[in-house]
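Novice: Sequence and predicted model, in that order:
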Amino acid sequence: MGDVTEEEMIQIANNFLLASPPGEFMEVVTDVRGLLPDDSLINDTAPITFREYNTVQMLQVYNGEVDVLVSKHGEVSDTEYLDPRSGQVFSFDHIRQEVTGSRPISGELDGQVEPYRSAIDQAFEKYAREFYANGTSAVYSSKKGSDFVVTMCISSSKFNPNNFWNGRWRSIWTATFKPNGQVSLNGTLRINVHYYEDGNVQLNTEAERSASVAGGDPQATAGNIVKG
């Protein structure tokens, strides 16, 4: 690799990994290792790189029989993630990309925001089931000063390697409001599609949207957010 330093090789390798198409991460890992003069070069950075990829892509994984998301918005620690719907925190192995255990939620959810988060989660789950055949949704909450912040995530993947294509939809909506006040909505939508039969074509696109809807009690707020 000429005058490329070891540090530069590691950076280039990690950039390749983070740009992996949906459903093809482990294949890219294998290919990148084959390009390096010493495939152990990326071993030290693998935990950080794998975690970054898994959380940014919002992997859909099974926690028992329940679909959950590996998302930065639900991150409790480097290896623990919230599943507010089931009341659990699950442990996740980023290298093997699998759930390794779970425990009950204990203090990770704000009691004041929870009635709103729970109502929005119920409405959002129904919406996701109706419009995303392969989708998994999760709703998280926090407080920013006196504002309630509820973050709604959908990840929907379709993998068809036998026909040489894979794809993933990701959307993240953040609702910021005070109880019974107006709700500010901000969303980011991302689509990644890879088609690689007799070629290599990728679609990577992103859009941002915003809206404002009326608030109210938890049920009214949830209904208005989903309609908005």
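Specialist: Happy to help now that I have it. Residues are numbered from 1 along each chain as shown.

Novice: so how far is stretch 56-69 from its chain's centroid?
Specialist: The chain centroid and the centroid of stretch 56-69 are separated by 9 Å, computed with Cα atoms, centre = their mean, to the nearest Å.

Novice: Let the chain start at 49 from now.
Specialist: Noted, 49 is the first residue going forward, which turns the last one into stretch 104-117.

Novice: And for it, what's in contact with it?
Specialist: Residues from elsewhere that reach stretch 104-117 (Cβ atoms under 8 Å, 6 or more residues apart in numbering): 66, 70, 118-120, 129, 131, 133-134, 136, 138, 140, 145-147, 150, 184-186, 201, 203, 205, 216, 218. C-beta here means a position set from N, CA and C on the backbone, and glycine is covered the same way.

Novice: Return the members of those classed as buried.
Specialist: Buried by 16 or more other Cβ atoms under 10 Å: 70, 118-120, 129, 131, 133, 136, 138, 140, 147, 150, 184-186, 201, 203, 205, 216, 218, out of the contacts of stretch 104-117.

Novice: Now the residue most central in space within the chain. Nearest residue, chain neighbours left out?
Specialist: For the chain, Met106 is the residue whose C-alpha lies nearest the centre (Cα atoms, centre = their mean; 2.1 Å). Sequence neighbours aside, Ser203 is the residue nearest to Met106 in space, at 3.9 Å (criterion: Cβ to Cβ, 6 or more residues apart in numbering).

Novice: what packs against the longest helix along the chain?
Specialist: If you go by DSSP state H, the chain has its longest helix at helix 162-179. Counting by 3 or more Cβ pairs under 8 Å, 6 or more residues apart in numbering; DSSP states H and E, the packing neighbours recorded for helix 162-179 are strand 183-192, strand 195-208, helix 266-275.

Novice: Buried residues, that helix. List them.
Specialist: Result for helix 162-179 [16+ other Cβ under 10 Å]: buried residues 163-173, 175-176.

Novice: so which of these comes closest to Gly235?
Specialist: Phe172 (12.2 Å; Cβ to Cβ).

Novice: any idea how far Gln230 is from that closest one?
Specialist: Phe172 sits 19 Å away from Gln230, going by Cβ to Cβ, to the nearest Å.

Novice: What is the nearest of the buried residues of helix 162-179 to Asn91?
Specialist: Closest approach between the buried residues of helix 162-179 and Asn91, by Cβ to Cβ: Ala176, at 37.2 Å.

Novice: Which strand residues bridge the closest residue to Val161 other than its chain neighbours?
Specialist: Distances taken as Cβ to Cβ, 6+ apart put Ser189 closest to Val161, at 4.3 Å, once the chain neighbours are dropped. Beta-bridge partners of Ser189, counted by DSSP bridges, are Val198.

Novice: OK, contacts around Ser189?
Specialist: When contacts are counted by Cβ under 8 Å, 6+ apart, Ser189 touches 132, 157-158, 161-162, 164-165, 196-199.

Novice: Give me the buried subset of these.
Specialist: 132, 157, 161, 164-165, 196-199.

Novice: would you list these in a markdown table and tack on distance to Asn272 and pLDDT?
Specialist: Shown next, in a markdown table, are these (distance: Cβ to Cβ, whole Å; pLDDT from 0 to 100):
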| residue | distance to Asn272 | pLDDT |
| --- | --- | --- |
| Pro132 | 20 | 97 |
| Leu157 | 22 | 95 |
| Val161 | 17 | 97 |
| Tyr164 | 12 | 98 |
| Arg165 | 15 | 98 |
| Phe196 | 14 | 98 |
| Val197 | 16 | 98 |
| Val198 | 12 | 98 |
| Thr199 | 17 | 98 |
